[in-house]
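> this one's sequence-less:
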DNA sequence: TTGTAGGCGTTATCAA
DNA sequence: TTGATAACGCCTACAA
C-alpha cells in the first residue's frame, strides 16, 4: 500500500514538505497560489495527516482514557455520554477501557493508556489499592477518579452525595405522614449501602423518629427476584409499617410486585420509594418515586475537571459530591 | 517535566539505546546481567515505552475506532461489551465516537480516526450517504458496518435478521391459538419497521391467515406513553382480536398498562408479545414474552470480522444477519 | 552480545 | 514567502 506523506505531496507540487505542512495547518505565510496548488494535490492524492507523528512531536494526543468498572452497566452510558459531550466539543477522543471489576485488567488498562500517551485519565477504580494511583502520579498523567467511594483525599474525585440522597428519600416519606418505615438496604459490606443507610437514619432522627432495628433489613443480593421473595415473607406475617424505602430501584420493583400481588394498594396501603432512577422506574406499572442520580452531569463535571488539570496549572485536589434529586411519581 | 526515553535509560546504564529496546521488547540477545541492570534502571527512572513512536514506525496502533449513532442508548452497551470482549483479548484498544445521529459528526469522527491511524473502524452509519464509505475505502482502512439497515452490498455488514424475528413473534402467537392479532408497528418511514411488519405478515400468510389491514396500526412515536394512549382508545371501542404483536418492548409496555387498567387479564384475555428484550421486559409486572436480539453477539461478531480484515488478506465482502431468539415469559 | 545509522511523518527554528 | 535541518522516541538492519 502506497502511503501519502507531506513529503510526497511536496514533491508533486515542487515545494518543500515544510510548505505543505504550513498549508495543512492553515498557517498564514503561504502564497495563495502555492496554497491552492498544494490543496489540489492533497485532494488528488488523498493525503491524510498522520496524527501519530504530530503527537510524537507535540507531546499531546488529544485523546483521553476512560476506565469503567463495568461497560455492560447502562449506568455508565449516561456518564460516558456526559464525558463525550464535553470532550467532543474540545476535539478530544476517548479510549474506553473496561476493567470489568478486575483489578489486573484495570492495572493493565492504566499502563496501556499511559504508553499510548493519553492526555489524561478518568477512572472508576475497582478497589482501593493505592498502587495504580501512585503509578499514575509518578508518570504525571492528569487523572480524576469518579463514582467509587474512596477515602483517599490526595486525588481528585467526583461522585454522588448518597447520604443526602437517602436522607431526602426518607424525609419525603415522613412528609407524607409516614412514621413507620421499613428500610430495605443493600449488602452491608458495600460502602454505598452504608452511606445510604446512614442518610435514612439521619432523616428519622432529624424528624424525631427512633430508628427501629427491626425495621431495617439487609438485602444481600439487591436484585428484583431476591427482594420479591423477601418482601413476600415479610408481608405473610404481621407487619407494622406504612412505607418502604429501598437501597435501589430493583429492590423497589420486587417490593412493588409482592405488594400488588397481595391486592394491597400503592401508595394507599404501602408507599414505596426507590433509588437511582433507572429507566424502568418511570415505566413501572405504578411509576416509582425515586432518587435520581445526575449521571450525565457527573460525566460532564468529571471531564471538565480533567480538562482543567490537563490544560491548567497544578492546583489543590478537588473532591466533588453531586446532589441527587427527588423524583416524585405515583408510588408515594 | 522530565521525560524518560530509552536513550536516557541507556545513558544511565552505560549501554546503547538499542540494548534497552531489546530488553523492553524481551528480545533474546541480551546478556542476563545487562538485562537485569537495565531493568533496574527502567524501574528506578519509571521508564514507560512511547507507543506513539512505536506505532509511527510499525504502522500499527493496536487501536480501533467504534462509531455509534447514540451513545446514550443502552442498546449499544451490550454491543460495545461484545466488541470489547474480543478486542481486549487481542490487546486492542477502542476509541469510541458518538455521531449522535448527526451526519457531520459522523464524518468528522471518521476523518479523525483515520488521522489517528486506527487499525480499523466499526461503524453504525447515520444515513446511507456513500461519501464516507468511499473515503474509508480510498484510505484503505478496514471497516465493518453494523446495525443500520443498508442495501449496499459492496461493504462488510453485520446486523439482525428482523424479518425472521417478527415472523417468530407472530408465529408464536398463532401457535398459542390466536388468529386475530393486532399489530402495533413502528413509524413507516423507518426501515426497521418495514422489515418487522413484513415478518408479521409473512407469518400470517404462512399459516393461512388473511392479513387484515384494520388490524395493523402505526405508532408514530414508538414509546410507552404514546402507545398507552392509543391502546386505550382502541380498547374503549369494540374490538376483535385476542393478541397483540408490537414493534418494540416500549409499545408492549404501554399496551400492557392500558390492558391491565381495564381489568383485563394478560395473557388470558389478551396476549402480548414485544420485541428487543430490553432489561425492562423481564422486570415488568407481567414478564413480557419478546424477541431477543443478540446484541452482545453482534459486537463479538463485528469485532471478529474486523480483525480478519485487519490481519487477513482481502476477501469478498461479507453480509451477516444474526437470528433473534424468542423469549417466552408470561404475557403470552 | 552490543552498537551505529537511518528512517517512520511531522513541525519548530532559523536561514535564505 | 519558502527551504533546510534537526528532533520527537522507537525499531530494523547491519556492522562490530
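Yep, it's here. Please read these numbers as outputs of a predicted model, since none were measured by experiment.

> Secondary structure element holding the residue nearest the centre of chain A?
What sits nearest the mean C-alpha location of chain A, by Cα atoms, centre = their mean, is residue A:79, with 3.9 Å. Following DSSP states H and E, one finds residue A:79 within helix A:74-89.

> For that helix, which residues meet the burial criterion?
Neighbour-count burial for helix A:74-89, counted by 16 or more other Cβ atoms under 10 Å in any protein chain shown, picks out A:74-88. C-betas here are computed from N, CA, C, even on glycine.

> Look up phi and psi at the nearest residue to residue A:329 once chain neighbours are set aside.
Leaving aside its chain neighbours, residue A:329 sits nearest to residue A:287 (3.8 Å; criterion: Cβ to Cβ, 6 or more residues apart in numbering or on different chains). The phi and psi values for residue A:287, taken as degrees, to the nearest 10, are phi -50, psi 130.

> my guess is residue A:180 contacts residue A:244, does it?
No. In this structure, residue A:180 is not within contact of residue A:244 by Cβ atoms under 8 Å, at 10.2 Å.

> who has more neighbours, those two?
Between residue A:180 and residue A:244, counted using other Cβ atoms under 10 Å in any protein chain shown, residue A:244 has the larger neighbour count: 28 against 13.

> Name the helix or strand for the more buried one, please.
Judged by DSSP H and E, residue A:244 forms part of strand A:243-246.

> Next, count neighbours for residue A:316.
Neighbours of residue A:316 (other Cβ under 10 Å): 7.

> Up against DNA strand D, what does chain A have?
A:10, A:14-19, A:22, A:28-35, A:53, A:56-57, A:59 (Cβ under 7 Å from any atom of the strand).

> Among those residues, name the ones in helices.
A:10, A:17, A:18, A:19, A:22, A:32, A:33, A:34, A:35, A:53, A:56, A:57 (DSSP state H).

> Going by neighbour count, which of these comes out on top?
When these are compared by neighbour count (other Cβ under 10 Å), residue A:19 ends up highest, at 21 neighbours.

> So that residue is in contact with residue A:33, correct?
No. In this structure, residue A:19 is not within contact of residue A:33 by Cβ under 8 Å, at 11.9 Å.

> what about stretch A:62-70 and DNA strand C, touching?
No. Judged by Cβ under 7 Å from any atom of the strand, stretch A:62-70 stays clear of DNA strand C, getting no closer than 12.0 Å.

> So what touches that stretch?
Stretch A:62-70 is contacted by residues A:51, A:55, A:76, A:79-80, A:83, A:87, A:91-101, A:106, A:109-110, A:113, A:116, A:118-126, A:147-148, A:306, A:310, B:95, B:116 when judged by Cβ atoms under 8 Å, 6 or more residues apart in numbering or on different chains.

> Now, these that are in helices?
Using DSSP H, those in helices are A:51, A:55, A:76, A:79-80, A:83, A:87, A:106, A:109-110, A:113, A:306, A:310.

> any chance you could map the helices in the stretch 101-250 of chain A?
Using DSSP state H, counting those that start in this stretch, the helices of the stretch 101-250 of chain A run over A:103-115, A:131-139, A:162-175, A:191-206, A:224-236, A:249-261.

> Out of those helices, name the one with the poorest average pLDDT.
Among those, helix A:131-139 has the lowest mean pLDDT, at a mean of 83.

> For residue A:174, give me its contacts.
By Cβ under 8 Å, 6+ apart, the contact set of residue A:174 is A:181, A:203, A:204, A:207, A:209.

> any idea how far the last one lies from DNA strand D?
Spatial separation of residue A:209 from DNA strand D under the definition Cβ to the nearest atom of the strand, to the nearest Å is 63 Å.

> restrict the buried residues of helix A:74-89 to contacts with chain B.
A:74, A:76, A:77, A:78, A:80, A:81, A:84, A:88 (Cβ under 8 Å from any Cβ of the partner chain).

> List the contacts of the residue nearest to the centre of chain A.
A:68, A:146, A:147, A:295, A:296, A:298, A:299, A:302.

> Just give the number of residues close to the closest residue to DNA strand D within the stretch 201-332 of chain A.
Using Cβ to the nearest atom of the strand, the single residue of the stretch 201-332 of chain A nearest to DNA strand D is residue A:310, 17.6 Å away. Counted with other Cβ under 10 Å, the neighbours of residue A:310 add up to 17.

> now residue A:113
Neighbour number of residue A:113 under other Cβ under 10 Å is 25.

> Spatially nearest residue to it, not counting backbone neighbours?
Leaving aside its sequence neighbours, residue A:113 sits nearest to residue A:65 (Cβ to Cβ, 6+ apart; 3.7 Å).

> check contacts around residue A:156.
A:143, A:144, A:145, A:305, A:309, A:317, A:318, A:319.

> Show me which helix or strand of chain A is least confident by mean pLDDT.
Least confident element among the helices and strands of chain A, by mean pLDDT, DSSP states H and E: helix A:131-139 (a mean of 83).

> and that one, which residues are buried?
A:132, A:133, A:135, A:136, A:139.

> do the same with stretch A:85-103
A:85-88, A:92-100.

> rewinding a little: now tell me what touches the strand holding residue A:244 from outside.
With Cβ under 8 Å, 6+ apart as the criterion, strand A:243-246 contacts A:166, A:169-170, A:173, A:176, A:178, A:180-184, A:200, A:227, A:231, A:252, A:255, A:267, A:270-275, A:332.

> What of stretch A:83-90?
Counting by Cβ under 8 Å, 6+ apart, A:64, A:66, A:93-94, A:122, A:296, A:299-300, A:302-304, A:307, B:71, B:96, B:98, B:105 sit against stretch A:83-90.

> related to what we said a few turns ago, which of the ones in helices among the residues of chain A next to DNA strand D sit farthest apart?
Longest distance between any two of those is 32.0 Å, between A:33 and A:56; criterion Cβ to Cβ.

> which ones are touching residue A:210?
Residue A:210 makes contact with residue A:204 under the criterion Cβ under 8 Å, 6+ apart.

> again, only using 10 Å
A:179, A:204 (Cβ atoms under 10 Å, 6 or more residues apart in numbering or on different chains).

> Pull up the gap between it and residue A:182, please.
15 Å (Cβ to Cβ, to the nearest Å).

> what's the answer for residue A:28, then?
Relative to residue A:182, and taking Cβ to Cβ, residue A:28 is found at 71 Å.

> who's more crowded, these two?
Neighbour count, other Cβ under 10 Å: between residue A:28 and residue A:182, residue A:182 has more, with 23 against 5.

> how much space is there between that one and residue B:205?
From residue A:182 to residue B:205 the distance is 54 Å (Cβ to Cβ).

> again, but for residue A:171
59 Å.

> now swap in residue A:7 and tell me
Applying Cβ to Cβ to residue A:7 and residue B:205 gives a distance of 64 Å.

> Likewise for residue A:300?
Counting by Cβ to Cβ, the separation of residue A:300 from residue B:205 is 51 Å.

> for residue A:284, same thing?
37 Å.

> who's more crowded, those two?
Using other Cβ under 10 Å as the criterion, residue A:284 and residue B:205 rank with residue A:284 on top: 27 against 11.
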